[in-house]
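[1] Next come a sequence and a model predicted from it.
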Amino acid sequence: MPKAWPHKNEKFKSCSSAEQNKITKALEDLSKVLTAIGKLNLYCATKSIYQGNPASSAPSDKIIAHEFSHLHYEKIEQKRLGRIS
């Protein structure tokens, strides 16, 4: 869990290689302007206040790119599942 994480009931685990690869792929697809902010710290939640949350990041860990990556990750998953083209 990131230091000073506000959601104390959430639990974290080490991210698997597959999870890391999915998150990295989502970030790679973002505009270079949005991702040219340095290293991101990724935290994979086992329990989150948001259902299906693949990763969480503290606000101090570049929250704008993180939130964009959530949106893009969801789009990748919807395409993978054939729900959108």
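    Received, thanks.
[2] Next up, identify which helix or strand Lys79 is on.
    Using DSSP states H and E, Lys79 sits within helix 63-80.
[3] how about the CA coordinates for that helix, as PDB?
    C-alpha atoms of helix 63-80 as PDB (Å, rounded to 0.1, in the frame of the first residue of the first chain):
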ATOM      1  CA  ILE A  63      -2.400  10.800 -10.800                       C
ATOM      2  CA  ILE A  64      -3.300  12.300 -14.200                       C
ATOM      3  CA  ALA A  65      -1.500   9.700 -16.300                       C
ATOM      4  CA  HIS A  66      -2.800   7.100 -13.900                       C
ATOM      5  CA  GLU A  67      -6.400   8.000 -14.400                       C
ATOM      6  CA  PHE A  68      -6.000   8.200 -18.200                       C
ATOM      7  CA  SER A  69      -4.400   4.700 -18.100                       C
ATOM      8  CA  HIS A  70      -7.500   3.400 -16.200                       C
ATOM      9  CA  LEU A  71      -9.700   4.700 -19.100                       C
ATOM     10  CA  HIS A  72      -7.400   3.300 -21.700                       C
ATOM     11  CA  TYR A  73      -7.000   0.000 -19.900                       C
ATOM     12  CA  GLU A  74     -10.800  -0.400 -19.800                       C
ATOM     13  CA  LYS A  75     -11.000   0.300 -23.600                       C
ATOM     14  CA  ILE A  76      -8.300  -2.300 -24.300                       C
ATOM     15  CA  GLU A  77     -10.300  -4.900 -22.200                       C
ATOM     16  CA  GLN A  78     -13.600  -4.100 -23.900                       C
ATOM     17  CA  LYS A  79     -11.900  -4.600 -27.300                       C
ATOM     18  CA  ARG A  80     -10.300  -7.800 -26.100                       C
END
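[4] Show me what that helix is packed against.
    Here helix 63-80 touches helix 17-28, helix 32-35, going by 3 or more CB pairs under 8 Å, 6 or more residues apart in numbering; DSSP states H and E. Using the backbone N, CA and C atoms, a C-beta is placed for each residue, glycine as well.
[5] can you tell me which of these comes nearest to Lys8?
    helix 17-28 (22.6 Å; CB to CB).
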